[in-house]
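A.B. asks: One predicted model, sequence on top.
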Amino acid sequence: MNTDDEGKSDESKSMQRNNNTSPQQVVADPFRLLFSREIRDEIIDILATSGPTWRKDLQPRTNVKCFSEIFTPERLLPYVRELSVLGCLSPEACGAEGHGSGNNTEGKPDHEWITALVPSLSRFNQIDKLSLHNLSWGDIAVSTRHFILTHFAAVQHLVLSMINFWNSNQLFRTLNSFPQVTRLLLDNTMWHLANHSLQQVVRKEPLKLQCLRFGPFLAGHYGLLIRWLIEERDTVNVDEAEINWGDTDIRSLVDLMRAIAPSLKVLKYQQQFESVGSDHWVFRVYGNEETDDSDDDQASVPDADDPNDWYGIQASDSGGDEDAGEFDDRGATKFNEQNGSEGPEEDVADDANNHNAPSKSLEDDEPTDPRAVWQSSVEVFPCIHEEEANRIGSQLLEEVPIQDSALAIIQGRIVWSTLGTFGIKLLSQLLSPHTRRFTLSLALRKDVRWGQDQADWGTIDALLDSLAPAHNGCLFDLNIKSHLRIAISHKLPRLHERKVWIIRYWQDGELLST
C-alpha cells in the first residue's frame with residue numbers, strides 16, 4: 001500500500017489521479033469538492049445544452065496564473081462570449097479599487113499586463129463582443145495591438161470607449177479590422193495627429209448595423225467618422241442609433257441623418273455643444289461659466305499635446321489652446337494661419353522636433369496619404385462658430401428636408417444653446433407616419449447666456465405645435481428642465497391650447513407640474 005494515499009477519501013484520490021495534481025491544487029477548485037462526479041457531469045451537460053455565455057473583464061490586477069488555469073477548454077473557456085479589457089487609467093474607469101492601477105509609478109500608462117495575457121487570450125475563439133476601455137493605444141505593445149486586431153476580427157459587437165488612439169490612422173485601422181461588426185459603440189475617444197489615408201476613411205463595403213452608438217469625442221472631430229460610416233457606401237442600414245453630438249460640424253450630422261433615416265427604427269439623440277467652436281466652450285474656457293451640466297465640465301484647458309490627457313480638447317495641431325477661440329469672418333478657426341500653408345507634412349515635422357511632446361505617430365501606422373489629411377483638415381478640422389453652424393444647419397434642412405424616415409421611437413435631449421432650435425428642427429424632420437412616441441427634453445443652463453430667458457420660446461412653440469396635427473396616434477412628451485420656475489403656459493401657448501403634448505416641468509430634478 002502506498003502510504004501517501006493513507007487517510008485520503010476515494011473522491012480525493014480520484015481527483016488527484018484524474019488531474020495529476022497535488023491535494024493543495026485540488027482544493028483550489030471548489031467545484032470539484034462540492035459535488036460528486038455524477039452531479040458535476042450533469043451540471044456540465046445542462047450548461048452545454050442551455051447555451052450560457054460568460055463575460056470576462058480583464059484589468060491590470062488580473063491574476064495571470066489564475067486566469068490561465070480557470071479559462072481552459074475543460075472549465076469556463078467554452079462559455080465565454082464577451083471580453084472586456086479595462087485599462088484603469090482614469091478615476092472613473094475601474095472604481096475605487098482599480099483606480100490608477102493601469103499607470104506606472106510615474107503616472108504614465110502601463111499596459112504590459114495585456115501583453116502578459118496574450119498567450120491565454122489566444123485560446124478565446126468564440127468571442128462575440130469585445131470591449132476596449134480606458135486605454136492609451138500607443139502604450140500597448142505593437143505585437144499586442146496586432147493580436148487584438150487580428151485574433152478578435154470576427155466579433156459582431158465592438159465597444160471602443162475612452163481610448164486615446166494617438167492618431168487618426170490607428171483609429172481607422174482599428175475600425176477596419178472588424179468587418180463583421182453589427183453593433184458599434186464608439187465614445188469618449190481621442191486622437192491628436194491626423195495621419196490617415198483616403199483608403200482607411202472612404203469605405204465602399206455595405207454597412208449594416210443593428211445598433212450604432214457614438215459620441216461624445218474628447219478630441220478629434222466627428223466629421224471623419226461620419227465619412228467612414230456613410231460617404232462612399234452603397235448600403236447603409238442602421239436599426240437603432242444613440243448619438244451624442246457636440247461638434248459644430250453640423251453638415252456631417254445632417255448627412256448622417258439623411259443616410260440612416262430610411263432604415264432607422266429607434267433614435268436616442270443628445271445635443272450638447274461643448275467642443276471647440278461652441279459658444280459654451282468659449283465662455284467656459286474664458287469665462288469660467290457654471291451650468292446645469294457642470295459635472296461634465298473641466299475648468300482648466302488641457303494639454304492638447306499630451307496623448308495621455310483624457311480630457312483634452314482637439315487643438316493639438318492648431319497652434320495651441322490660446323488660439324483655439326479665434327475665428328475669421330466666416331466663423332471658422334484660422335486653421336491655415338495657425339498651421340502654415342505647407343499642409344500636414346509641416347505639422348508632422350514640427351511634432352517630431354518638439355522633444356517635450358510625445359510622438360503621436362506609431363510604427364505600425366498604415367501608409368499615410370498627405371492629400372487626404374490636408375483635404376480633411378480643410379473640410380473638417382476648422383471649427384465653426386455656433387452661430388454660423390446654426391445658419392448652415394437650418395439652411396440645409398430648409399433646402400433639402402430629410403425624407404423617408406422610418407422611425408418608430410424618437411428620444412431627444414437638447415442642452416440649450418444657440419443651436420437649440422436647429423436640434424428641434426432636425427428631430428422634427430425625422431418624425432414619420434410610423435412614429436409612435438416622440439420624447440423631447442430641453443435642459444436649460446443656469447447661466448444667463450443660455451438660460452430660460454434666452455430660449456426662443458416662440459419658435460419652440462411653433463415647431464412642436466406643427467408636428468401634432470399630421471401625426472395622429474403618436475404620443476408626444478415634452479420635458480423642460482431648469483433650476484428656475486418657468487411660467488410654461490405663457491411660454492408655450494399653442495401647446496397648452498392644443499393639449500396634444502404632455503408637458504412636464506422639472507426644477508432641480510423635481511417634477512413640479514404636468
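C.D. replies: Yep, that arrived.

A.B. asks: remind me which residues of the stretch 51-200 of the chain are low pLDDT?
C.D. replies: Low-confidence segments of the stretch 51-200 of the chain, defined by pLDDT under 70: 51-56, 93, 95-100.

A.B. asks: Recalculate using a threshold of 50.
C.D. replies: By pLDDT under 50, the low-scoring segments of the stretch 51-200 of the chain are 51-52.

A.B. asks: Mind jotting down where the helices sit in it?
C.D. replies: 64-70, 95-98, 112-121, 142-151, 168-175, 198-201 (DSSP state H, counting those that start in this stretch).

A.B. asks: The third one packs against which elements?
C.D. replies: Secondary-structure packing of helix 112-121 (3 or more CB pairs under 8 Å, 6 or more residues apart in numbering; DSSP states H and E): helix 64-70, helix 142-151. Glycine gets a C-beta too; all of them are placed from N, C-alpha and C.

A.B. asks: Are there helices or strands packed against the longest one, and which ones?
C.D. replies: For helix 142-151, the contact count by 3+ CB pairs under 8 Å, 6+ apart identifies helix 112-121 as packing neighbours.

A.B. asks: Would you mark the buried spots in the helix it packs on?
C.D. replies: 113-114, 117, 120-121 (16 or more other CB atoms under 10 Å).

A.B. asks: Could you do stretch 147-164 as well?
C.D. replies: Neighbour-count burial for stretch 147-164 [16+ other CB under 10 Å]: 147-149, 151-152, 155, 157-164.

A.B. asks: Just the CA atoms of it, as PDB, please.
C.D. replies: Extracted C-alpha coordinates of stretch 147-164, given in PDB (Å, rounded to 0.1, in the frame of the first residue of the first chain):
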ATOM      1  CA  PHE A 147      -3.000  40.400 -31.800                       C
ATOM      2  CA  ILE A 148      -6.200  42.300 -30.700                       C
ATOM      3  CA  LEU A 149      -7.000  43.400 -34.200                       C
ATOM      4  CA  THR A 150      -6.500  40.100 -35.800                       C
ATOM      5  CA  HIS A 151      -7.500  37.400 -33.300                       C
ATOM      6  CA  PHE A 152     -10.800  39.000 -32.500                       C
ATOM      7  CA  ALA A 153     -11.600  40.300 -36.000                       C
ATOM      8  CA  ALA A 154     -14.800  38.200 -36.200                       C
ATOM      9  CA  VAL A 155     -16.600  39.900 -33.300                       C
ATOM     10  CA  GLN A 156     -20.000  41.300 -34.000                       C
ATOM     11  CA  HIS A 157     -20.300  43.700 -31.100                       C
ATOM     12  CA  LEU A 158     -17.400  46.200 -30.700                       C
ATOM     13  CA  VAL A 159     -17.100  48.800 -27.900                       C
ATOM     14  CA  LEU A 160     -14.300  51.400 -28.100                       C
ATOM     15  CA  SER A 161     -14.700  53.600 -25.100                       C
ATOM     16  CA  MET A 162     -12.400  56.200 -23.600                       C
ATOM     17  CA  ILE A 163      -9.400  55.200 -25.800                       C
ATOM     18  CA  ASN A 164      -6.600  57.600 -26.800                       C
END
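
A.B. asks: can you give me the strands for the protein?
C.D. replies: Chain-ordered strands for the chain, with DSSP state E as the definition, fall at 54-58, 80-86, 129-136, 157-167, 183-187, 190-193, 207-214, 236-245, 266-271, 409-415, 437-443, 475-482, 501-507, 510-513.

A.B. asks: what's the angle between the second one and helix 142-151?
C.D. replies: Note on geometry: by axes from the mean of the first three to the mean of the last three CA atoms, to 10 degrees, strand 80-86 and helix 142-151 are set 150 degrees apart in direction.

A.B. asks: The fifth one now?
C.D. replies: For strand 183-187 and helix 142-151, the angle between their directions (the same axes, to 10 degrees) works out to 150 degrees.

A.B. asks: Could you break the chain into its assigned domains?
C.D. replies: Listed domain ranges for the chain are 53-155, 401-417+428-513 (source: automatic domain parsing).

A.B. asks: Could you check how far Ser161 is from Trp374?
C.D. replies: Ser161 is 30 Å from Trp374, where distance means CB to CB, to the nearest Å.

A.B. asks: same check, this time on Phe152
C.D. replies: Distance of Phe152 to Trp374, given as CB to CB: 33 Å.

A.B. asks: Check His490 too.
C.D. replies: From His490 to Trp374 the distance is 52 Å (CB to CB).

A.B. asks: quick one, which of the two is more surrounded?
C.D. replies: Trp374 (18 against 9; other CB atoms under 10 Å).

A.B. asks: about what we covered before: which stretch among the helices and strands packed on helix 112-121 comes nearest Leu511?
C.D. replies: Set against Leu511 and scored by CB to CB, those come closest in helix 142-151, at 46.0 Å.

A.B. asks: what about Ile70, neighbour count?
C.D. replies: Neighbour count of Ile70, defined by other CB under 10 Å: 15.

A.B. asks: hang on, the earlier thing: closest to Ser136 among the buried residues of stretch 147-164?
C.D. replies: Checking the buried residues of stretch 147-164 one by one against Ser136 (CB to CB), the nearest turns out to be Asn164, at 4.9 Å.

A.B. asks: Surely that closest one touches Ile140?
C.D. replies: No: counting by CB atoms under 8 Å, Asn164 stays clear of Ile140, with 10.7 Å between them.

A.B. asks: Now for these two: what residues contact both?
C.D. replies: In terms of CB atoms under 8 Å, 6 or more residues apart in numbering, Asn164 and Ile140 are not both contacted by any residue.

A.B. asks: Next one: the closest residue to Ile402 other than its chain neighbours, what pLDDT does it get?
C.D. replies: The shortest distance from Ile402 to any non-neighbouring residue, by CB to CB, 6 or more residues apart in numbering, is to Gln429 (4.3 Å). On the pLDDT scale, Gln429 is placed at 96.

A.B. asks: now His434
C.D. replies: Reported pLDDT at His434 in the predicted model: 91.

A.B. asks: and if you look at the one 4 residues further on?
C.D. replies: Reported pLDDT at Phe438 in the predicted model: 96.

A.B. asks: Contacts only, for it.
C.D. replies: Contacts of Phe438 by CB under 8 Å, 6+ apart are 410, 427, 431, 467, 474-477.

A.B. asks: bridging residues for it?
C.D. replies: Legend: beta-bridge partners of Phe438 under DSSP bridges are Ile410, Phe476.

A.B. asks: same deal with the one 4 residues further on?
C.D. replies: Assessed by DSSP bridges, Leu442 has beta-bridge partners Ile414, Ile480.

A.B. asks: So what's the residue count around it?
C.D. replies: Look at Leu442: counted by other CB under 10 Å, it has 20 neighbours.

A.B. asks: doesn't Ile414 make contact with it?
C.D. replies: Yes: judged on CB under 8 Å, Leu442 makes contact with Ile414 at a distance of 5.6 Å.

A.B. asks: Now the common contact residues for those two.
C.D. replies: If you check Leu442 and Ile414 against CB under 8 Å, 6+ apart, the residues they both contact are Gly420.

A.B. asks: residue ranges with poor pLDDT in the stretch 251-400 of the chain?
C.D. replies: 285, 288-357.

A.B. asks: mind redoing it with 70?
C.D. replies: Low-confidence segments of the stretch 251-400 of the chain (pLDDT under 70): 275-359, 375-382.

A.B. asks: so how far is Ala468 from Ala116?
C.D. replies: Using CB to CB, one gets 60 Å for the distance from Ala116 to Ala468.
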